[in-house]
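Trainee: Pasting the sequence and the predicted model now:
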Amino acid sequence: MALDPIHRDFGRRVRAARRTKGMSQEALADAVHMSPETISNVERGATTTRLVTIVSIAEALGVDVAALFGDPPAPARDHPLVEEIVGLLAGRDPEILRAVLDQATILIRAASR
């Protein structure tokens with residue numbers, strides 16, 4: 001039985017991050033020195049979790065602790081051209097944004113071949 005929405009939502013985010021990483025509950029349990037049953041309880045929101053355990057889970061999953069409590073942080077804009085592109089597209093009509101996205105997708109796929 002879930003303790004409250006905070007624990008339930010936290011557990012769902014842990015499960016989603018674990019699945020995104022392609023980890024089993026057993027693998028995550030090994031990484032954070034817990035039992036698979038405990039990981040299952042965390043993912044179902046059926047138990048409270050100590051802060052040190054939350055940090056260990058986040059590290060094992062390769063996510064920020066904040067991502068387990070809410071929306072993940074926006075991706076880093078580590079190239080100056082990304083800022084330029086964002087500035088160019090800011091406030092544009094959704095149809096234009098869709099067309100730009102479609103064209104960018106075509107170009108990226110062609111370059112990846």
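Mentor: Yep, that arrived.
Trainee: neighbours of the residue nearest to residue 97 when sequence neighbours are not counted, just the number please.
Mentor: Spatial nearest neighbour of residue 97, chain neighbours left out: residue 89 (6.2 Å); criterion: Cβ to Cβ, 6 or more residues apart in numbering. All C-beta spots, glycine's among them, are computed from the backbone N, C-alpha and C. Using other Cβ atoms under 10 Å, residue 89 has 12 neighbouring residues.
Trainee: try residue 57
Mentor: 23.
Trainee: Pretty sure it sits against residue 68.
Mentor: Yes. Here residue 57 reaches residue 68: they are 7.1 Å apart, a contact under Cβ atoms under 8 Å.
Trainee: so what sits against both of those two?
Mentor: residue 14 (Cβ atoms under 8 Å, 6 or more residues apart in numbering).
Trainee: Report the distance from stretch 19-27 to the chain centre.
Mentor: Relative to the centre of its chain, stretch 19-27 is centred 13 Å away, using Cα atoms, centre = their mean, to the nearest Å.
Trainee: May I see the buried residues of it?
Mentor: 23, 25 (16 or more other Cβ atoms under 10 Å).
Trainee: So what touches that stretch?
Mentor: With Cβ under 8 Å, 6+ apart, stretch 19-27 has contacts from 18, 31, 36, 39-40, 43, 60-62.
Trainee: what stretches of this protein score poorly on pLDDT?
Mentor: 1-3, 71-77 (pLDDT under 70).
Trainee: go with 80
Mentor: Judged by pLDDT under 80, the chain has its weakly predicted residues at 1-3, 71-79, 113.
Trainee: so where's the longest helix in it?
Mentor: helix 94-112 (DSSP state H).
Trainee: Any idea how far the helix or strand where residue 85 lies is from the middle of the chain?
Mentor: Using DSSP states H and E, the element containing residue 85 is helix 80-89. Put simply, helix 80-89 sits 24 Å off its chain's centre (Cα atoms, centre = their mean).
Trainee: so residue 12 touches residue 43, yeah?
Mentor: Yes. Here residue 12 lies in contact with residue 43, judged by Cβ under 8 Å, at a distance of 7.4 Å.
Trainee: quick one: which of these two has more around it?
Mentor: residue 43 (21 against 14).
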